[in-house]
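Chemist: Got a predicted structure plus its sequence, pasted below:
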Amino acid sequence: MTATHNLDPPRDGGQHTVRPKLHPLGPLAAQEILQTSNLVRGCWPEDIDCHFKAVTLLEPAKAELVPYLAAERAGNSHGITIDRRAFVVYYFRGTHNLHEAIVNLSRQTVEANVRLGPFMHANGDGEELVAVEKALLADPAVQAEIAKLELPPGSVVVADPWIYGSDGVKDGAFYDDRRVMQCFLYMRDPRNPSEPDSCHYAFPLPVSPVIDPTTLAVVRIDILPTGLDGSVKPLGPWQATTRGGGKPAEMPNVICVHEQDAGILWKHTNYRTNRGVVVRNRELVLQTTLTVSNYEYILSFIFNTAGDVTYEARATGILSTQPLDLALTHAPHPFGTVVHPGVLAAFHQHFLSLRVDPMVAGHGNAIVYDEAAAIPRDPALNPHGVGYTVQRTGIATSGGHDLDAGKNRTFMIINPAVRNAVNGAAVGYRVMVPPMQGILADTDSFHHRRAEFADRSIYVTRHAERELHAGGLYTNQSRGGTGVRSWAGRGDSLAAGDPVLWVQFGINHIPRVEDFPVMPAETLRVTMRPGNFFDRNPAIDVPPGSQQVNCSVSLNELGNISMGVGDGGGLGSSCGSHGCV
């Protein structure tokens, strides 16, 4: 949480400065975070220690927000006031009692404060991961299992905790009402164990404790199969014996804003005159990077001068690895790729979901999709059988949809009430989505039930307050039924013109040796591209390039070969009197 406004009183005893007005969609300021946590604490006796998992802005109801945005667009929003609210998720420290609260910061009141029912668990956090690793490595039972491995003297063992998924096993290990983490153990490079940045993922160990992050008790230890007998052996329960206090954490430099050159945006050479014009694709980028244990996700919003709005996700970092018997290094494996002797990287899928609550040229938007189809041969309309057309289908009710490369199916957000001045078509934005393979987990698995967004490229729902997260708000150990698939399954009418578009994209990652020890970035892009929104190319007035050094030249610039028309002769160039690449 980053402080974006200073709401503190002056420290020098001087007069208060005018506070900047906080936008209804602006993130919480540092002082608002403190106010929120203090108000929630005030609801409980002083001996209750609250472990805050999230303190974030609760977006205003859309009925309040729409008039504000309309007034803001017209330049007269100063007289409109919307109460600012915070949404809070917290535990009583040392317990599994999960709560959520709504705090009205404008009125300094707690409007709602409830304990959630069973099967609902909050996210993990960095503070917990550190505590979990320390506790499990000190656990006598874990130490005993590590000792059985007879590691080289001086070896250093590290652990990667992972949020546990509901596996449905009916052997007493079904932890839906108890938050747990599965931990994978690794060893630092035995040739240099004092180096904390060594790639421990090259040395996975076949010991995997399950730990309760609330009590820091090790509740089970799994011995992972390495290909010898194919079994997993639970050893039974073992007992072992922070930030999160609701204070803001200032994190400078976690978001960067920069411009980048993405090559040619548009170009044309008039072969008759041999005059070329070329314009560079200048992109404005808002970027941040998330480190999620072994993986990094580089997330960017990218804007260009042609009106494109792109969301880019790059996946990099280090593969999560599993131990493998050395004798099986060259044997085929149905679940993964051997990336290093004794090291297996499992096949896995990454899915991302974008929630788009559109306001293209105002409200009252609709979602449609276009498909290219051949026109039947007809003596009058298509006598040569080479013509094709585009057929448009409106989406009238909520539901899920797939891409179809065979029909060039393209989804689009349009505003039926606003027409393009040139051709009279409804203005809109096309949604350019990369193809993906949906989730491969069995439909009866908890993976599939919980990841409700991962089976379709497109979902469309009718707007509903607090339906913001494609997998539901609490996905950890979830049993499903709380995400976008369920919402879309209501079959709500979209005639009122308030659709929400959910765009899914992802990577089916089949690891290769070249992905180890550090994986080159895999890049995915979803682009919102104007479709009949402008009255011409909006980048037509971008100044052309002027590079003169290392400039491309026309193929026939020196040959003076006539094309038979005009007075030109070049087959094209990247420069000329109007610019260079």
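Modeler: Arrived safely. Numbers count the residues shown, from 1 in each chain.

Chemist: Could you pull up phi and psi at residue 540?
Modeler: Backbone geometry at residue 540, expressed as degrees, to the nearest 10, gives phi -70, psi -30.

Chemist: Relative to residue 266, how far out is it?
Modeler: Look at residue 540 and residue 266: by CB to CB, to the nearest Å, they are 8 Å apart. For glycine as for every other residue, the C-beta is placed from the backbone atoms N, C-alpha and C.

Chemist: higher neighbour count, those two?
Modeler: Neighbours around residue 540 and residue 266, counted as other CB atoms under 10 Å, are more numerous at residue 266. The numbers are 16 against 11.

Chemist: Could you measure from the closest residue to residue 265 other than its chain neighbours over to residue 57?
Modeler: Closest residue to residue 265 in three dimensions, ignoring its sequence neighbours and counting by CB to CB, 6 or more residues apart in numbering: residue 281, at 3.7 Å. Per CB to CB, residue 281 is found 34 Å from residue 57.

Chemist: ok, now residue 477?
Modeler: 26 Å.

Chemist: Start and end of stretch 346-360, how far apart?
Modeler: Using CA to CA, to the nearest Å, one end of stretch 346-360 lies 42 Å from the other.

Chemist: buried set for it?
Modeler: By neighbour count, and taking 16 or more other CB atoms under 10 Å as the criterion, the buried residues in stretch 346-360 are 349-356, 358, 360.

Chemist: Sitting in strands, which of those residues do you find?
Modeler: The members of the buried residues of stretch 346-360 that map onto strands under DSSP state E are 349-356.

Chemist: Now render those residues as CSV, adding pLDDT and distance to residue 91.
Modeler: Putting those into CSV (pLDDT from 0 to 100; distance: CB to CB, whole Å) gives the following:
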residue, pLDDT, distance to residue 91
349, 96, 30
350, 96, 29
351, 97, 28
352, 96, 28
353, 98, 26
354, 98, 30
355, 98, 27
356, 98, 32
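
Chemist: State the distance from residue 390 to residue 409.
Modeler: Counting by CB to CB, the gap from residue 390 to residue 409 is 11 Å.

Chemist: shouldn't residue 495 be in contact with residue 395?
Modeler: No - Residue 495 sits out of contact with residue 395 when judged by CB atoms under 8 Å, with a separation of 10.9 Å.

Chemist: Which of those two has more residues huddled nearby?
Modeler: In this comparison of residue 495 against residue 395, neighbours counted by other CB under 10 Å, the higher total goes to residue 395 at 17 against 11.

Chemist: now the more buried one, nearest residue through space, not along the chain?
Modeler: With sequence-adjacent residues excluded and distances taken as CB to CB, 6+ apart, residue 395 is closest to residue 367, at 4.6 Å.

Chemist: related to what we said a few turns ago, what's the closest of the ones in strands among the buried residues of stretch 346-360 to residue 188?
Modeler: residue 350 (27.1 Å; CB to CB).

Chemist: burial of the closest residue to the closest one other than its chain neighbours, as a residue count?
Modeler: With CB to CB, 6+ apart as the measure, residue 507 is the residue that lies nearest to residue 350, at 4.5 Å, once sequence neighbours are left out. Burial measure for residue 507: 18 neighbouring residues, criterion other CB under 10 Å.

Chemist: Distance of residue 507 relative to residue 411?
Modeler: Remark: distance between residue 507 and residue 411 (CB to CB) = 21 Å.

Chemist: before we move on, the earlier item: now do the contacts for the residue nearest to residue 350.
Modeler: Each residue near residue 507 by CB atoms under 8 Å, 6 or more residues apart in numbering is listed here: 315, 349-350, 436, 522, 524.

Chemist: Next: residue 296.
Modeler: Residue 296 sits next to 289-290, 315-317 when contact means CB under 8 Å, 6+ apart.

Chemist: all helices of the stretch 101-250 of the chain, in order?
Modeler: Residue ranges of the helices in the stretch 101-250 of the chain, as given by DSSP state H, counting those that start in this stretch, are 126-138, 140-148.

Chemist: Tell me which two in the ones in strands among the buried residues of stretch 346-360 are the farthest apart.
Modeler: The widest separation within these, taken as CB to CB, falls between 349 and 356 and amounts to 22.2 Å.

Chemist: ok so, going back, more neighbours, residue 390 and residue 409?
Modeler: residue 409 (18 against 10).

Chemist: ok, now which ones touch that one?
Modeler: Residue 409 is in contact with 369-371, 402-403, counting by CB under 8 Å, 6+ apart.

Chemist: how about a cut-off of 6 Å?
Modeler: Applying CB atoms under 6 Å, 6 or more residues apart in numbering, one finds that residue 409 lies in contact with 369, 371, 403.

Chemist: Is the first one bridged to anything, and to what?
Modeler: Bridge pairing for residue 369 (DSSP bridges) gives the partners residue 393, residue 411.

Chemist: about what we covered before: which of residue 477 and residue 57 has more neighbours?
Modeler: Higher neighbour count among residue 477 and residue 57: residue 477, with 22 against 17, using other CB under 10 Å.

Chemist: Wait, the more buried one touches residue 121, no?
Modeler: Yes - Residue 477 lies in contact with residue 121 (CB atoms under 6 Å); the separation is 5.2 Å.

Chemist: Point to the helix or strand of the protein where mean pLDDT is at its lowest.
Modeler: helix 446-450 (a mean of 89; mean pLDDT, DSSP states H and E).

Chemist: From the chain's centroid, how far away is that helix?
Modeler: Shown here is helix 446-450, whose average C-alpha point lies 18 Å from the average C-alpha point of the whole chain (CA atoms, centre = their mean, to the nearest Å).

Chemist: go on, stretch 507-517?
Modeler: Taking the mean of its C-alpha atoms, stretch 507-517 sits 20 Å from the chain's own mean (CA atoms, centre = their mean).

Chemist: for it, which positions count as buried?
Modeler: Within stretch 507-517, the residues scored as buried using 16+ other CB under 10 Å are 507, 509, 511, 515-516.

Chemist: Now do that stretch, average pLDDT.
Modeler: Over the span of stretch 507-517, the pLDDT mean works out to 97.

Chemist: So what would you say the end-to-end distance of that stretch is?
Modeler: Between the opening and closing residues of stretch 507-517 lies a distance of 19 Å (CA to CA).

Chemist: shift numbering so it begins at 878
Modeler: Got it, first residue is 878 now, which makes that one stretch 1384-1394.

Chemist: circling back: adding secondary structure and distance to residue 1359, write the buried residues of stretch 1384-1394 out as JSON lines.
Modeler: Compiled in JSON lines, those are given as follows (DSSP: H, G, I helix; E, B strand; the rest coil; distance: CB to CB, whole Å):
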{"residue": "1384", "secondary structure": "strand", "distance to residue 1359": "25"}
{"residue": "1386", "secondary structure": "strand", "distance to residue 1359": "26"}
{"residue": "1388", "secondary structure": "coil", "distance to residue 1359": "31"}
{"residue": "1392", "secondary structure": "helix", "distance to residue 1359": "34"}
{"residue": "1393", "secondary structure": "coil", "distance to residue 1359": "36"}
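
Chemist: Any chance of TSV for the residues you listed, columns distance to residue 1341?
Modeler: Putting the buried residues of stretch 1384-1394 into TSV (distance: CB to CB, whole Å) gives the following:
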residue	distance to residue 1341
1384	30
1386	33
1388	39
1392	40
1393	44
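
Chemist: ok, what's across the strand from residue 963?
Modeler: Taking DSSP bridges, one obtains residue 934, residue 980 as the residues bridged to residue 963.

Chemist: burial measure for it, as a count.
Modeler: Taking other CB under 10 Å as the neighbour definition, residue 963 ends up with a count of 23.

Chemist: which residues touch it?
Modeler: For residue 963, the contact set (CB under 6 Å, 6+ apart) comprises 913, 932, 980, 982.

Chemist: And the residues you listed, which is closest to residue 900?
Modeler: Minimum separation from residue 900 among the contacts of residue 963 (CB to CB) is found for residue 982, which lies at 13.7 Å.

Chemist: Give me the phi and psi for the closest one.
Modeler: Residue 982 adopts backbone torsions of phi -70, psi -30, taken as degrees, to the nearest 10.

Chemist: I'm done for today, thanks for sticking with me.
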